[in-house]
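Student: sequence-free structure coming up:
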(Lines give C-alpha, C1' and ligand atoms only; values in the text may rest on other atoms or scores of the structure.)
Protein backbone atom coordinates (compact mmCIF):
# COMPACT_ATOMS: atom_id res chain seq x y z
CA UNK A 1 0.00 0.00 0.00
CA UNK A 2 1.10 3.57 -0.65
CA UNK A 3 1.32 6.21 2.07
CA UNK A 4 -1.64 8.07 0.59
CA UNK A 5 -3.72 4.88 0.57
CA UNK A 6 -2.77 4.30 4.20
CA UNK A 7 -3.74 7.86 5.12
CA UNK A 8 -7.12 7.34 3.48
CA UNK A 9 -7.47 4.04 5.36
CA UNK A 10 -6.66 5.78 8.65
CA UNK A 11 -9.37 8.34 8.02
CA UNK A 12 -11.90 5.67 7.09
CA UNK A 13 -11.08 3.56 10.16
CA UNK A 14 -11.64 6.49 12.51
CA UNK A 15 -14.89 7.42 10.79
CA UNK A 16 -16.16 3.87 11.36
CA UNK A 17 -15.12 3.90 14.99
CA UNK A 18 -16.81 7.27 15.43
CA UNK A 19 -20.02 5.86 13.96
CA UNK A 20 -19.94 2.85 16.30
CA UNK A 21 -19.29 5.14 19.27
CA UNK A 22 -22.20 7.30 18.16
CA UNK A 23 -24.52 4.30 18.10
CA UNK A 24 -23.42 2.85 21.44
CA UNK A 25 -23.58 6.28 23.11
CA UNK A 26 -27.13 6.80 21.87
CA UNK A 27 -28.18 3.42 23.25
CA UNK A 28 -26.57 4.17 26.60
CA UNK A 29 -28.13 7.64 26.77
CA UNK A 30 -31.57 6.26 26.02
CA UNK A 31 -31.11 3.61 28.69
CA UNK A 32 -30.37 6.08 31.48
CA UNK A 33 -32.86 8.77 30.47
CA UNK A 34 -36.12 7.77 28.77
CA UNK A 35 -36.04 3.99 28.21
CA UNK A 36 -38.59 1.87 30.11
CA UNK A 37 -37.15 -0.07 33.05
CA UNK A 38 -37.76 -3.49 31.58
CA UNK A 39 -35.74 -3.22 28.36
CA UNK A 40 -32.16 -3.58 29.64
CA UNK A 41 -31.84 -7.05 28.11
CA UNK A 42 -32.58 -5.62 24.67
CA UNK A 43 -29.87 -2.98 25.08
CA UNK A 44 -27.43 -5.61 26.32
CA UNK A 45 -28.09 -7.78 23.26
CA UNK A 46 -27.58 -4.91 20.83
CA UNK A 47 -24.48 -3.62 22.58
CA UNK A 48 -22.92 -7.08 22.72
CA UNK A 49 -23.30 -7.36 18.93
CA UNK A 50 -21.88 -3.88 18.37
CA UNK A 51 -19.05 -4.57 20.82
CA UNK A 52 -18.09 -7.68 18.89
CA UNK A 53 -18.07 -5.74 15.64
CA UNK A 54 -15.92 -3.02 17.19
CA UNK A 55 -13.54 -5.63 18.58
CA UNK A 56 -13.18 -7.26 15.16
CA UNK A 57 -12.71 -3.90 13.46
CA UNK A 58 -10.02 -2.71 15.82
CA UNK A 59 -8.08 -5.98 16.13
CA UNK A 60 -8.55 -7.35 12.63
CA UNK A 61 -5.64 -8.15 10.31
CA UNK A 62 -6.40 -5.27 7.95
CA UNK A 63 -6.40 -2.69 10.76
CA UNK A 64 -3.23 -4.03 12.36
CA UNK A 65 -1.42 -4.02 9.02
CA UNK A 66 -2.59 -0.48 8.32
CA UNK A 67 -1.40 0.89 11.65
CA UNK A 68 1.86 -1.08 11.52
CA UNK A 69 2.59 0.42 8.10
CA UNK A 70 1.78 3.93 9.30
CA UNK A 71 3.84 3.49 12.46
CA UNK A 72 6.84 2.51 10.32
CA UNK A 73 6.27 5.63 8.22
CA UNK A 74 5.61 7.93 11.16
CA UNK A 75 8.44 10.32 10.25
CA UNK A 76 6.48 11.16 7.10
CA UNK A 77 3.21 11.77 8.96
CA UNK A 78 1.84 15.04 10.25
CA UNK A 79 1.77 15.70 13.99
CA UNK A 80 -1.96 14.89 14.12
CA UNK A 81 -1.58 11.68 12.10
CA UNK A 82 1.25 10.50 14.38
CA UNK A 83 -0.91 11.06 17.45
CA UNK A 84 -3.88 9.28 15.84
CA UNK A 85 -1.74 6.25 15.09
CA UNK A 86 -0.28 6.31 18.61
CA UNK A 87 -3.72 6.35 20.26
CA UNK A 88 -5.20 3.73 17.96
CA UNK A 89 -2.18 1.43 18.18
CA UNK A 90 -2.21 1.52 21.98
CA UNK A 91 -5.94 0.80 22.07
CA UNK A 92 -5.63 -2.05 19.60
CA UNK A 93 -2.66 -3.64 21.33
CA UNK A 94 -4.52 -3.51 24.63
CA UNK A 95 -7.73 -4.89 23.13
CA UNK A 96 -5.89 -7.71 21.33
CA UNK A 97 -4.64 -8.99 24.67
CA UNK A 98 -8.21 -9.45 25.92
CA UNK A 99 -10.03 -12.55 24.59
CA UNK A 100 -12.94 -11.42 22.42
CA UNK A 101 -15.54 -13.46 24.29
CA UNK A 102 -14.48 -11.86 27.59
CA UNK A 103 -14.47 -8.38 26.05
CA UNK A 104 -18.00 -8.79 24.67
CA UNK A 105 -19.27 -10.40 27.87
CA UNK A 106 -17.94 -7.46 29.87
CA UNK A 107 -19.90 -4.99 27.74
CA UNK A 108 -23.02 -7.01 28.43
CA UNK A 109 -22.16 -7.11 32.14
CA UNK A 110 -21.96 -3.30 32.28
CA UNK A 111 -25.44 -2.91 30.80
CA UNK A 112 -26.78 -5.30 33.41
CA UNK A 113 -24.78 -3.52 36.12
CA UNK A 114 -26.30 -0.14 35.29
CA UNK A 115 -29.80 -1.57 35.50
CA UNK A 116 -29.09 -3.38 38.78
CA UNK A 117 -27.39 -0.32 40.28
CA UNK A 118 -30.45 1.85 39.65
CA UNK A 119 -32.68 -0.68 41.41
CA UNK A 120 -30.21 -1.21 44.27
CA UNK A 121 -29.94 2.54 44.81
CA UNK A 122 -33.72 3.00 44.79
CA UNK A 123 -34.05 0.22 47.37
CA UNK A 124 -30.89 1.25 49.27
CA UNK A 125 -29.74 -2.35 49.04
CA UNK A 126 -26.01 -2.90 48.44
CA UNK A 127 -26.44 -6.66 48.69
CA UNK A 128 -28.37 -6.54 45.41
CA UNK A 129 -25.48 -4.81 43.63
CA UNK A 130 -22.66 -6.65 45.39
CA UNK A 131 -22.38 -9.76 43.14
CA UNK A 132 -22.20 -7.75 39.94
CA UNK A 133 -19.80 -5.20 41.43
CA UNK A 134 -17.54 -8.04 42.48
CA UNK A 135 -17.51 -9.24 38.85
CA UNK A 136 -16.64 -5.73 37.65
CA UNK A 137 -13.67 -5.38 40.01
CA UNK A 138 -12.44 -8.88 39.18
CA UNK A 139 -12.70 -8.14 35.46
CA UNK A 140 -10.82 -4.88 35.92
CA UNK A 141 -8.00 -6.78 37.62
CA UNK A 142 -8.02 -9.46 34.93
CA UNK A 143 -8.01 -6.98 32.02
CA UNK A 144 -5.19 -4.99 33.62
CA UNK A 145 -3.17 -8.20 33.96
CA UNK A 146 -3.82 -9.04 30.29
CA UNK A 147 -2.80 -5.62 28.96
CA UNK A 148 -0.11 -4.50 31.39
CA UNK A 149 1.14 -7.52 33.38
CA UNK A 150 4.22 -5.74 34.74
CA UNK A 151 2.20 -2.90 36.27
CA UNK A 152 0.06 -2.80 39.40
CA UNK A 153 -3.57 -3.26 38.29
CA UNK A 154 -4.84 -0.07 39.93
CA UNK A 155 -1.92 1.96 38.54
CA UNK A 156 -2.94 0.66 35.11
CA UNK A 157 -6.46 2.06 35.41
CA UNK A 158 -5.36 5.34 36.98
CA UNK A 159 -3.08 5.79 33.98
CA UNK A 160 -5.93 5.02 31.58
CA UNK A 161 -7.92 7.99 32.86
CA UNK A 162 -4.94 10.31 33.33
CA UNK A 163 -1.77 9.49 31.44
CA UNK A 164 1.15 9.20 33.87
CA UNK A 165 -0.96 8.96 37.01
CA UNK A 166 -0.28 6.28 39.63
CA UNK A 167 -0.86 5.56 43.31
CA UNK A 168 2.38 7.22 44.40
CA UNK A 169 1.36 10.52 42.79
CA UNK A 170 -2.19 10.24 44.16
CA UNK A 171 -1.00 9.47 47.67
CA UNK A 172 1.29 12.50 47.62
CA UNK A 173 -1.38 14.78 46.14
CA UNK A 174 -4.15 13.70 48.50
CA UNK A 175 -1.75 13.80 51.44
CA UNK A 176 -1.01 17.46 50.71
CA UNK A 177 -4.72 18.29 50.45
CA UNK A 178 -5.51 16.45 53.67
CA UNK A 179 -2.70 18.19 55.56
CA UNK A 180 -3.74 21.68 54.47
CA UNK A 181 -7.52 21.52 54.06
CA UNK A 182 -8.63 19.46 57.05
CA UNK A 183 -7.42 22.10 59.58
CA UNK A 184 -9.21 24.82 57.58
CA UNK A 185 -12.42 22.80 57.55
CA UNK A 186 -12.10 22.35 61.31
CA UNK A 187 -11.66 26.12 61.85
CA UNK A 188 -14.72 26.82 59.72
CA UNK A 189 -16.69 24.32 61.78
CA UNK A 190 -15.95 26.41 64.84
CA UNK A 191 -17.35 29.59 63.26
CA UNK A 192 -20.98 30.68 62.96
CA UNK A 193 -22.48 28.86 59.99
CA UNK A 194 -23.70 30.88 57.02
CA UNK A 195 -27.35 30.40 56.09
CA UNK A 196 -28.46 28.54 52.97
CA UNK A 197 -32.18 29.22 53.49
CA UNK A 198 -32.41 30.99 50.13
CA UNK A 199 -31.62 27.70 48.36
CA UNK A 200 -34.34 25.73 50.15
CA UNK A 201 -38.02 25.83 49.24
CA UNK A 202 -40.43 24.59 46.62
CA UNK A 203 -38.89 25.04 43.17
CA UNK A 204 -41.08 23.65 40.32
CA UNK A 205 -39.32 21.38 37.84
CA UNK A 206 -40.54 23.35 34.82
CA UNK A 207 -39.02 26.56 36.19
CA UNK A 208 -35.78 24.76 37.00
CA UNK A 209 -35.66 23.50 33.41
CA UNK A 210 -36.17 27.01 32.03
CA UNK A 211 -33.47 28.28 34.37
CA UNK A 212 -31.15 25.48 33.18
CA UNK A 213 -31.41 26.66 29.58
CA UNK A 214 -30.63 30.20 30.71
CA UNK A 215 -27.49 28.92 32.46
CA UNK A 216 -26.42 26.91 29.43
CA UNK A 217 -26.67 29.97 27.19
CA UNK A 218 -24.96 32.22 29.74
CA UNK A 219 -21.82 30.09 30.03
CA UNK A 220 -21.57 29.98 26.24
CA UNK A 221 -22.98 26.63 25.13
CA UNK A 222 -24.26 26.36 21.57
CA UNK A 223 -27.76 24.90 22.02
CA UNK A 224 -27.73 23.78 18.38
CA UNK A 225 -25.01 21.31 19.37
CA UNK A 226 -25.74 20.59 23.04
CA UNK A 227 -28.92 18.85 24.17
CA UNK A 228 -30.33 18.60 27.67
CA UNK A 229 -32.02 15.80 29.63
CA UNK A 230 -32.60 14.42 33.11
CA UNK A 231 -31.31 11.25 34.74
CA UNK A 232 -30.56 9.74 38.15
CA UNK A 233 -26.88 10.71 38.06
CA UNK A 234 -25.88 13.75 35.94
CA UNK A 235 -23.33 13.21 33.17
CA UNK A 236 -22.15 14.51 29.80
CA UNK A 237 -21.81 12.40 26.68
CA UNK A 238 -20.56 12.96 23.12
CA UNK A 239 -22.27 11.33 20.16
CA UNK A 240 -19.43 10.55 17.79
CA UNK A 241 -18.26 14.13 17.26
CA UNK A 242 -17.86 17.50 18.97
CA UNK A 243 -20.87 18.66 16.96
CA UNK A 244 -23.30 16.53 18.99
CA UNK A 245 -23.27 16.59 22.80
CA UNK A 246 -25.74 15.97 25.63
CA UNK A 247 -25.68 17.10 29.24
CA UNK A 248 -28.03 15.85 31.94
CA UNK A 249 -29.15 16.92 35.39
CA UNK A 250 -31.37 15.76 38.22
CA UNK A 251 -33.92 18.16 39.67
CA UNK A 252 -34.59 18.37 43.38
CA UNK A 253 -37.82 20.25 44.06
CA UNK A 254 -36.71 21.36 47.52
CA UNK A 255 -33.16 22.43 46.59
CA UNK A 256 -32.36 25.02 43.94
CA UNK A 257 -28.59 24.59 43.99
CA UNK A 258 -28.28 20.89 43.06
CA UNK A 259 -29.46 21.12 39.48
CA UNK A 260 -28.07 24.61 39.01
CA UNK A 261 -24.51 23.49 39.64
CA UNK A 262 -24.97 20.15 37.88
CA UNK A 263 -25.91 22.06 34.74
CA UNK A 264 -22.94 24.41 35.06
CA UNK A 265 -20.58 21.48 35.81
CA UNK A 266 -21.77 19.32 32.92
CA UNK A 267 -21.83 22.43 30.75
CA UNK A 268 -18.11 22.82 31.42
CA UNK A 269 -17.52 19.33 30.01
CA UNK A 270 -19.63 20.20 26.97
CA UNK A 271 -17.76 23.46 26.37
CA UNK A 272 -14.52 21.48 26.21
CA UNK A 273 -15.85 18.77 23.91
CA UNK A 274 -17.67 21.08 21.49
CA UNK A 275 -14.64 23.30 20.94
CA UNK A 276 -12.23 20.77 19.51
CA UNK A 277 -10.76 22.09 16.26
CA UNK A 278 -13.09 21.29 13.33
CA UNK A 279 -10.45 19.19 11.53
CA UNK A 280 -10.41 16.76 14.48
CA UNK A 281 -14.02 15.70 13.87
CA UNK A 282 -14.55 11.94 13.42
CA UNK A 283 -11.02 11.16 14.59
CA UNK A 284 -9.72 9.84 17.90
CA UNK A 285 -8.41 13.35 18.63
CA UNK A 286 -11.91 14.82 18.83
CA UNK A 287 -12.82 15.67 22.43
CA UNK A 288 -10.94 16.02 25.71
CA UNK A 289 -7.59 14.32 26.27
CA UNK A 290 -8.06 12.95 29.80
CA UNK A 291 -10.50 12.87 32.67
CA UNK A 292 -8.28 15.10 34.80
CA UNK A 293 -8.19 17.82 32.13
CA UNK A 294 -11.91 17.27 31.48
CA UNK A 295 -12.75 17.69 35.16
CA UNK A 296 -10.54 20.78 35.28
CA UNK A 297 -12.88 22.38 32.78
CA UNK A 298 -16.15 21.31 34.39
CA UNK A 299 -15.08 22.21 37.92
CA UNK A 300 -13.48 25.45 36.73
CA UNK A 301 -16.81 26.61 35.31
CA UNK A 302 -18.85 25.18 38.20
CA UNK A 303 -16.77 26.45 41.12
CA UNK A 304 -14.15 29.03 40.22
CA UNK A 305 -16.54 30.88 37.91
CA UNK A 306 -20.00 29.70 38.94
CA UNK A 307 -19.53 30.12 42.70
CA UNK A 308 -17.63 33.41 42.47
CA UNK A 309 -19.12 36.49 44.13
CA UNK A 310 -19.16 38.28 40.77
CA UNK A 311 -21.18 35.61 39.00
CA UNK A 312 -23.48 35.14 42.00
CA UNK A 313 -24.29 38.86 41.99
CA UNK A 314 -24.81 38.84 38.22
CA UNK A 315 -27.13 35.85 38.24
CA UNK A 316 -29.15 36.71 41.32
CA UNK A 317 -31.78 38.85 39.50
CA UNK A 318 -32.39 35.93 37.13
CA UNK A 319 -32.78 33.56 40.06
CA UNK A 320 -35.43 35.89 41.51
CA UNK A 321 -37.13 36.13 38.11
CA UNK A 322 -37.60 32.35 37.92
CA UNK A 323 -38.08 31.83 41.67
CA UNK A 324 -39.65 35.00 43.16
CA UNK A 325 -39.58 33.65 46.71
CA UNK A 326 -35.77 34.07 46.69
CA UNK A 327 -36.29 37.82 46.31
CA UNK A 328 -36.51 38.32 50.07
CA UNK A 329 -32.78 37.57 50.27
CA UNK A 330 -29.78 39.57 49.05
CA UNK A 331 -27.06 38.87 46.50
CA UNK A 332 -24.61 38.40 49.37
CA UNK A 333 -26.95 35.91 51.05
CA UNK A 334 -27.03 33.99 47.79
CA UNK A 335 -23.24 34.09 47.35
CA UNK A 336 -22.58 32.82 50.85
CA UNK A 337 -25.29 30.15 50.56
CA UNK A 338 -23.77 28.62 47.42
CA UNK A 339 -20.38 28.56 49.19
CA UNK A 340 -21.53 27.21 52.54
CA UNK A 341 -19.02 24.71 53.95
CA UNK A 342 -20.72 21.76 55.57
CA UNK A 343 -19.45 18.16 55.61
CA UNK A 344 -22.13 16.09 53.93
CA UNK A 345 -23.04 12.66 52.62
CA UNK A 346 -23.37 13.19 48.87
CA UNK A 347 -20.35 13.93 46.68
CA UNK A 348 -22.27 15.75 43.95
CA UNK A 349 -23.87 18.02 46.56
CA UNK A 350 -20.62 18.67 48.43
CA UNK A 351 -19.27 22.16 48.86
CA UNK A 352 -16.14 23.18 47.02
CA UNK A 353 -13.88 22.91 50.08
CA UNK A 354 -14.85 19.45 51.37
CA UNK A 355 -15.35 17.94 47.90
CA UNK A 356 -11.85 16.48 47.59
CA UNK A 357 -12.34 14.49 50.80
CA UNK A 358 -15.26 12.69 49.14
CA UNK A 359 -12.97 11.84 46.24
CA UNK A 360 -10.20 10.72 48.59
CA UNK A 361 -12.54 8.23 50.25
CA UNK A 362 -13.43 6.65 46.92
CA UNK A 363 -9.77 6.52 45.93
CA UNK A 364 -8.79 4.72 49.12
CA UNK A 365 -11.59 2.17 48.73
CA UNK A 366 -10.73 1.44 45.10
CA UNK A 367 -7.05 1.11 45.95
CA UNK A 368 -7.79 -1.41 48.70
CA UNK A 369 -10.22 -3.49 46.62
CA UNK A 370 -7.85 -3.64 43.67
CA UNK A 371 -5.00 -4.68 46.00
CA UNK A 372 -7.12 -7.41 47.58
CA UNK A 373 -7.01 -5.65 50.95
CA UNK A 374 -10.76 -5.00 51.03
CA UNK A 375 -13.56 -7.32 49.93
CA UNK A 376 -16.41 -5.91 47.86
CA UNK A 377 -18.75 -7.21 50.55
CA UNK A 378 -17.08 -4.87 53.07
CA UNK A 379 -17.27 -1.70 50.96
CA UNK A 380 -20.33 -0.30 52.82
CA UNK A 381 -18.73 -0.61 56.26
CA UNK A 382 -15.42 0.86 55.06
CA UNK A 383 -17.26 3.65 53.27
CA UNK A 384 -19.18 4.51 56.42
CA UNK A 385 -16.01 4.39 58.55
CA UNK A 386 -14.12 6.77 56.26
CA UNK A 387 -17.01 9.22 56.05
CA UNK A 388 -17.04 9.38 59.83
CA UNK A 389 -13.27 9.75 60.03
CA UNK A 390 -12.78 12.31 57.23
CA UNK A 391 -16.03 14.25 57.27
CA UNK A 392 -17.50 13.52 60.68
CA UNK A 393 -20.83 12.37 59.26
CA UNK A 394 -22.80 9.18 59.89
CA UNK A 395 -24.01 7.36 56.77
CA UNK A 396 -27.65 6.33 57.33
CA UNK A 397 -28.10 3.95 54.39
CA UNK A 398 -26.51 2.57 51.22
CA UNK A 399 -28.41 4.96 48.95
CA UNK A 400 -26.69 7.92 50.54
CA UNK A 401 -23.53 5.90 51.00
CA UNK A 402 -21.66 3.61 48.62
CA UNK A 403 -24.49 3.38 46.07
CA UNK A 404 -24.70 7.11 45.38
CA UNK A 405 -22.36 7.17 42.35
CA UNK A 406 -22.92 5.47 39.00
CA UNK A 407 -19.22 5.16 38.15
CA UNK A 408 -18.56 1.63 39.37
CA UNK A 409 -21.61 0.28 37.56
CA UNK A 410 -20.04 1.63 34.37
CA UNK A 411 -16.67 0.04 35.10
CA UNK A 412 -15.00 3.40 35.78
CA UNK A 413 -12.48 2.21 38.36
CA UNK A 414 -9.67 4.75 38.65
CA UNK A 415 -11.80 7.68 37.48
CA UNK A 416 -12.50 9.40 40.81
CA UNK A 417 -9.06 10.98 41.45
CA UNK A 418 -9.60 12.97 38.23
CA UNK A 419 -12.17 15.14 40.02
CA UNK A 420 -9.71 16.36 42.65
CA UNK A 421 -6.84 16.68 40.17
CA UNK A 422 -9.11 18.62 37.84
CA UNK A 423 -10.06 21.04 40.59
CA UNK A 424 -6.38 21.68 41.28
CA UNK A 425 -5.51 22.06 37.59
CA UNK A 426 -8.30 24.63 37.28
CA UNK A 427 -6.90 26.89 40.00
CA UNK A 428 -3.55 26.99 38.22
CA UNK A 429 -5.31 27.66 34.90
CA UNK A 430 -7.04 30.61 36.57
CA UNK A 431 -3.69 32.07 37.58
CA UNK A 432 -2.47 31.98 33.97
CA UNK A 433 -5.77 33.21 32.54
CA UNK A 434 -5.81 36.26 34.81
CA UNK A 435 -2.53 37.44 33.28
CA UNK A 436 -4.41 38.42 30.11
CA UNK A 437 -8.13 38.20 30.90
CA UNK A 438 -10.17 40.32 33.32
CA UNK A 439 -11.90 37.19 34.60
CA UNK A 440 -13.85 38.64 37.50
CA UNK A 441 -14.63 41.87 35.65
CA UNK A 442 -16.21 39.81 32.86
CA UNK A 443 -18.12 37.67 35.35
CA UNK A 444 -19.72 40.80 36.81
CA UNK A 445 -21.32 41.27 33.38
CA UNK A 446 -22.07 37.58 32.88
CA UNK A 447 -19.78 37.66 29.86
CA UNK A 448 -17.91 34.41 29.22
CA UNK A 449 -16.58 35.45 25.80
CA UNK A 450 -12.97 36.19 26.72
CA UNK A 451 -12.82 33.40 29.30
CA UNK A 452 -14.00 30.85 26.74
CA UNK A 453 -11.69 32.24 24.06
CA UNK A 454 -8.71 31.77 26.38
CA UNK A 455 -9.73 28.19 27.17
CA UNK A 456 -10.32 27.44 23.50
CA UNK A 457 -6.94 28.86 22.48
CA UNK A 458 -4.95 27.14 25.24
CA UNK A 459 -6.87 23.89 25.89
CA UNK A 460 -10.07 23.11 24.02
CA UNK A 461 -8.99 23.34 20.38
CA UNK A 462 -6.28 20.71 20.81
CA UNK A 463 -8.71 17.92 21.68
CA UNK A 464 -6.55 14.87 22.39
CA UNK A 465 -3.62 15.99 20.25
CA UNK A 466 -1.30 16.35 23.25
CA UNK A 467 -0.93 14.16 26.30
CA UNK A 468 -2.05 15.75 29.59
CA UNK A 469 1.51 16.39 30.79
CA UNK A 470 2.51 18.19 27.61
CA UNK A 471 -0.73 20.21 27.51
CA UNK A 472 -0.22 21.33 31.12
CA UNK A 473 3.39 22.29 30.35
CA UNK A 474 2.22 24.33 27.35
CA UNK A 475 -0.44 26.16 29.38
CA UNK A 476 1.87 26.75 32.35
CA UNK A 477 4.73 27.75 30.01
CA UNK A 478 7.07 25.02 31.18
CA UNK A 479 6.25 25.17 34.86
CA UNK A 480 5.15 22.09 36.79
CA UNK A 481 1.64 21.42 38.03
CA UNK A 482 1.52 22.70 41.61
CA UNK A 483 -1.44 21.98 43.96
CA UNK A 484 -0.40 25.02 46.00
CA UNK A 485 -2.42 27.21 43.59
CA UNK A 486 -5.55 25.24 44.48
CA UNK A 487 -4.91 25.32 48.23
CA UNK A 488 -4.20 29.05 48.24
CA UNK A 489 -7.33 29.73 46.17
CA UNK A 490 -9.48 27.81 48.66
CA UNK A 491 -7.83 29.33 51.73
CA UNK A 492 -8.23 32.90 50.47
CA UNK A 493 -11.86 32.44 49.44
CA UNK A 494 -13.18 30.57 52.47
CA UNK A 495 -11.24 32.46 55.10
CA UNK A 496 -12.88 35.62 53.75
CA UNK A 497 -16.38 34.10 53.75
CA UNK A 498 -16.05 32.82 57.33
CA UNK A 499 -13.97 35.63 58.75
CA UNK A 500 -10.89 33.58 59.57
CA UNK A 501 -7.58 35.41 60.02
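Tutor: Cool, got the structure. In this text the structure is predicted, and so the values were computed from the model without any measurement.
Student: where does the nearest residue to residue 1 once chain neighbours are set aside land on pLDDT?
Tutor: Counting by Cβ to Cβ, 6 or more residues apart in numbering, residue 1 lies nearest to residue 69, which is 6.2 Å off, once chain neighbours are set aside. For every residue, glycine as well, the C-beta is placed using N, CA and C. Listed pLDDT for residue 69 reads 96.
Student: Residue 156 and residue 29, how far apart?
Tutor: Per Cβ to Cβ, to the nearest Å, residue 156 is found 28 Å from residue 29.
Student: Looking at the two, which is more packed in?
Tutor: Shown here are residue 156 and residue 29; by other Cβ atoms under 10 Å, residue 156 has more neighbours (23 against 19).
Student: For the more buried one, which residues are in contact?
Tutor: 144, 147-148, 414 (Cβ atoms under 8 Å, 6 or more residues apart in numbering).
Student: can you tell me which helix or strand it belongs to?
Tutor: helix 153-161 (DSSP states H and E).
Student: Could you tell me how far residue 183 is located from residue 190?
Tutor: Applying Cβ to Cβ, the value for residue 183 to residue 190 is 11 Å.
Student: And for residue 245?
Tutor: 44 Å.
Student: neighbour-wise, which of these two wins?
Tutor: residue 245 (24 against 8).
Student: How about the contacts made by that one?
Tutor: Contacts of residue 245 by Cβ under 8 Å, 6+ apart are 225-227, 236-239, 270, 273-274.
Student: In these, which residue is surrounded by the most others?
Tutor: Among the contacts of residue 245, residue 270 has the most neighbours (other Cβ under 10 Å), with 29 neighbours.
Student: thought that one was touching residue 219?
Tutor: No: here residue 270 does not reach residue 219: they are 9.2 Å apart, not a contact under Cβ atoms under 8 Å.
Student: burial count for residue 207?
Tutor: Residues within reach of residue 207, counting by other Cβ under 10 Å, total 15.
Student: in what helix or strand does it lie?
Tutor: helix 205-218.
Student: Check which helices and strands that helix sits against.
Tutor: If you count contacts as 3 or more Cβ pairs under 8 Å, 6 or more residues apart in numbering; DSSP states H and E, helix 205-218 packs onto strand 226-230, helix 256-274, helix 309-322.
Student: mind listing what's buried in stretch 135-142?
Tutor: 135-137, 139-141 (16 or more other Cβ atoms under 10 Å).
Student: I meant to write stretch 274-283 there.
Tutor: Across stretch 274-283, burial judged by 16+ other Cβ under 10 Å covers 274-277, 280-283.
Student: May I ask which helix or strand of this structure has the lowest mean pLDDT?
Tutor: helix 40-59 (a mean of 90; mean pLDDT, DSSP states H and E).
Student: Just checking the distance from it to the centre of its chain.
Tutor: In terms of Cα atoms, centre = their mean, to the nearest Å, the centre of helix 40-59 is found 25 Å from the chain centre.
Student: just to revisit the earlier point, what's the angle between the helix holding residue 207 and helix 309-322?
Tutor: 140 degrees (axes from the mean of the first three to the mean of the last three Cα atoms, to 10 degrees).
Student: number of nearby residues for residue 384?
Tutor: 18.
Student: for the nearest residue to it once chain neighbours are set aside, phi and psi?
Tutor: Excluding its sequence neighbours, the residue lying closest to residue 384 (Cβ to Cβ, 6+ apart) is residue 395, at 4.3 Å. Main-chain torsions, residue 395, degrees, to the nearest 10: phi -90, psi 120.
Student: what do you get for residue 224?
Tutor: Dihedral pair for residue 224: phi -80, psi -20, per degrees, to the nearest 10.
Student: Report the separation between it and residue 235.
Tutor: Distance from residue 224 to residue 235, by Cβ to Cβ: 21 Å.
Student: Could you check which of the two is surrounded by more residues?
Tutor: When neighbours are counted by other Cβ under 10 Å, residue 235 comes out ahead of the other of residue 224 and residue 235, with 20 against 7.
Student: hey, where'd the strands end up in this protein?
Tutor: With strands called from DSSP state E, the chain shows them at 226-230, 236-238, 245-249.
Student: quick one, which of these is nearest to residue 427?
Tutor: Among the strands of the chain, the nearest to residue 427 by Cβ to Cβ is strand 236-238 (21.5 Å).
Student: Give me the sheet partners of that closest one and which way each runs.
Tutor: Using DSSP bridges, strand 236-238 pairs in its sheet with strand 245-249 (antiparallel).
Student: re the thing from before, any chance of the strands of the chain in JSON lines with distance to residue 312 and mean pLDDT as columns?
Tutor: Output for these, formatted as JSON lines (distance: least, Cβ to Cβ, whole Å; pLDDT from 0 to 100):
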{"stretch": "strand 226-230", "distance to residue 312": "23", "mean pLDDT": "94"}
{"stretch": "strand 236-238", "distance to residue 312": "24", "mean pLDDT": "94"}
{"stretch": "strand 245-249", "distance to residue 312": "19", "mean pLDDT": "96"}
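Student: looking at these, which is closest to residue 25?
Tutor: Judged by Cβ to Cβ, the one of these that comes nearest to residue 25 is strand 236-238, at 5.4 Å.
Student: Show me what that closest one is in contact with.
Tutor: Contacts to strand 236-238, defined as Cβ under 8 Å, 6+ apart, come from residues 25, 28-29, 244-248, 266, 269-270, 273, 286-287, 298.
Student: what's the closest of these to residue 65?
Tutor: Checking the contacts of strand 236-238 one by one against residue 65 (Cβ to Cβ), the nearest turns out to be residue 286, at 24.5 Å.
Student: nearest residue to the closest one other than its sequence neighbours?
Tutor: Spatial nearest neighbour of residue 286, excluding adjacent residues (Cβ to Cβ, 6+ apart): residue 280 at 4.5 Å.
Student: picking that back up, number of residues surrounding the residue nearest to residue 384?
Tutor: For residue 395, the neighbour count with other Cβ under 10 Å is 20.
Student: Can you verify my assumption that it contacts residue 345?
Tutor: Yes: with contact defined as Cβ under 8 Å, residue 395 counts as touching residue 345 (6.3 Å).
Student: what sits in contact with each of the two?
Tutor: Here residue 395 and residue 345 have 387, 401 as joint contacts, going by Cβ under 8 Å, 6+ apart.
Student: gap between the residue nearest to residue 1 and residue 12?
Tutor: Using Cβ to Cβ, residue 69 is found at 14 Å from residue 12.
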